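*Asks:* I'd like to go over a predicted model; first the sequence, then the structure.
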Amino acid sequence: MFATRNAIKIAARSFSTASPLQSKVAVLGAAGGIGQPLSLLLKTNPRVTELGLYDIHNTPGVAADIGHINTLSQVSGYTAKDQDGLKKALEGAELVVIPAGVPRKPGMTRDDLFNTNAGIVRDLAQACAEVCPKAKLLIISNPVNSTVPIATEVFKKAGVYDAKKIFGVTSLDLVRASRFVGEKLGKITEVPVVGGHAGVTIIPLFSQVSGLSLTDAERDALTHRVQFGGDEVVKAKDGAGSATLSMAYAGARFADSLLRAEAGEDVLEWAFVRTDLFKNEGLEFFSTYVKLDKNGVKEILPLPQNISEYEKELVKKAIPELKKSETKGVSFVGNN
């Protein structure tokens with residue numbers, strides 16, 4: 001139930017200035033369209049004391065650039081050409097954020113990225129399982145509905161799997177929904193978004209937003225816009241990229257939530273995680289509310305009982321799509 005929400009401190013969207021613990025964050029894919037602004041935002045977070053950046057190329061330049069920002073965190077950058085570069089980036093990391101992969105182009109869905117990004121996530125997850133198996137893993141690389149199961153299978157095979165520590169970062173869907181609803185309400189408010197991170201699996205729960213009144217047509221249009229908001233960006237960039245800046249913000253926000261939880265705060269977030277919520281339907285992964293603590297997931301909260309019939313139907317339609325993506329990810333590791 002979401003009734004506990006009022007008793008939980010939802011992570012503030014500006015970074016805290018509290019004295020940090022010693023927190024190393026590794027970013028894999030740090031020289032890319034998401035990786036660079038994500039690394040920049042993490043450098044400005046006072047809870048981050050060290051950044052380990054890794055990519056195929058250009059990472060030392062990114063590290064040198066953001067390393068001049070006047071915060072106390074240390075930054076190092078490694079490439080695939082460096083001996084043990086990936087290992088060095090990961091050593092001692094408490095959080096690992098993975099935005100690595102190819103971006104979407106016009107006409108592409110997130111699933112179209114699977115053939116390339118699946119292998120990237122598998123290999124990077126394998127390195128994490130070997131070098132920093134106790135780190136919390138934040139997966140941004142699309143399709144998240146498949147890449148999270150891929151990382152899970154890799155960690156299982158390595159014998160170091162902990163469901164509390166692997167997250168699919170779906171925060172961008174909530175950020176978008178909150179922005180779009182904020183335009184109507186004249187104020188920014190949190191809009192719960194559950195399900196997954198692709199098309200019809202993205203389910204905004206407008207019924208949970210106090211003071212929001214929508215006609216059926218407005219509800220349908222707003223739901224579609226949240227589900228396919230990424231397409232707006234891909235189209236607007238005219239083939240030059242996808243949602244990189246907003247995704248970087250969403251990723252940095254989620255990382256900050258985990259760092260706050262590590263410091264002892266009670267934090268409520270939204271993430272694509274392993275859950276028993278839909279066990280009877282044969283579905284293992286779903287994006288929902290999670291309470292965070294220093295170990296990662298403290299508690300997974302079920303869907304609220306008072307969601308609308310419209311939203312219940314969206315959940316029903318999403319489950320088969322989520323199952324297909326989950327099976328695709330698990331099979332990829334099994335066959336490779």
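*Replies:* The structure has been received and is ready for your questions.
*Asks:* C-alpha from now on. contacts and neighbour counts both.
*Replies:* Will do.
*Asks:* Would you double-check that S246 falls in a helix?
*Replies:* Yes. Assessed by DSSP: H, G, I helix; E, B strand; the rest coil, S246 belongs to a helix.
*Asks:* For the chain, just list every one of the helices.
*Replies:* 35-43, 59-66, 85-90, 114-131, 144-158, 171-185, 216-227, 229-236, 245-262, 309-335 (DSSP state H).
*Asks:* Out of these, which gets the lowest mean score?
*Replies:* When these are ranked by mean pLDDT, helix 229-236 comes last with a mean of 90.
*Asks:* Can you give me the buried ones in it?
*Replies:* Within helix 229-236, the residues scored as buried using 16 or more other Cα atoms under 10 Å are 229-231, 233-234.
*Asks:* Residues in contact with it: which ones?
*Replies:* For helix 229-236, contacts defined as Cα atoms under 8 Å, 6 or more residues apart in numbering pick out 104-106, 176, 240-243.
*Asks:* And stretch 154-165, by the same measure?
*Replies:* 122, 125-126, 129-130, 133-137, 152, 273-274, 295-298, 333.
*Asks:* hmm, which of these are the buried ones?
*Replies:* Here, 16+ other Cα under 10 Å leaves 122, 125-126, 129-130, 133-137, 152, 273-274, 296-298, 333 buried among those.
*Asks:* ok, L138 to V144 distance?
*Replies:* Per Cα to Cα, to the nearest Å, L138 is found 10 Å from V144.
*Asks:* Actually, A221.
*Replies:* For A221 relative to V144 (Cα to Cα), the value is 24 Å.
*Asks:* ditto for L28
*Replies:* Counting by Cα to Cα, the gap from L28 to V144 is 15 Å.
*Asks:* returning to what we had before: between the buried residues of helix 229-236, which is closest to V315?
*Replies:* Taking Cα to Cα as the measure, V315 lies nearest G229 of these, at 18.7 Å.
*Asks:* what's the distance between that closest one and G195?
*Replies:* Relative to G195, and taking Cα to Cα, G229 is found at 16 Å.
*Asks:* How about A135?
*Replies:* Taking Cα to Cα, one finds A135 at 25 Å from G195.
*Asks:* can you check P149 too?
*Replies:* P149 is 15 Å from G195, by Cα to Cα.
*Asks:* And these two? Which one has more around it.
*Replies:* Shown here are P149 and G195; by other Cα atoms under 10 Å, P149 has more neighbours (27 against 23).
*Asks:* picking that back up, farthest-separated two in the contacts of helix 229-236?
*Replies:* R176 and A240 (20.7 Å).
*Asks:* Can you pick out the residue with more neighbours from those two?
*Replies:* R176 (21 against 13).
*Asks:* I'd guessed that one sits against Q227; true?
*Replies:* No. R176 is not in contact with Q227 according to Cα atoms under 8 Å; the separation is 9.4 Å.
*Asks:* hey, what's in contact with both of those two?
*Replies:* When contacts are counted by Cα under 8 Å, 6+ apart, the set common to R176 and Q227 is empty.
*Asks:* which stretch among the helices of the chain comes nearest L283?
*Replies:* helix 309-335 (5.8 Å).
*Asks:* Which elements pack onto the closest one?
*Replies:* helix 114-131, helix 144-158, strand 202-204, strand 285-293 (3 or more Cα pairs under 8 Å, 6 or more residues apart in numbering; DSSP states H and E).
*Asks:* which residues sit against the third one?
*Replies:* It refers to strand 202-204. Contacting residues not belonging to strand 202-204 are listed as 173-174, 177, 191-196, 223, 226-227, 311, 314-315, 318 [Cα under 8 Å, 6+ apart].
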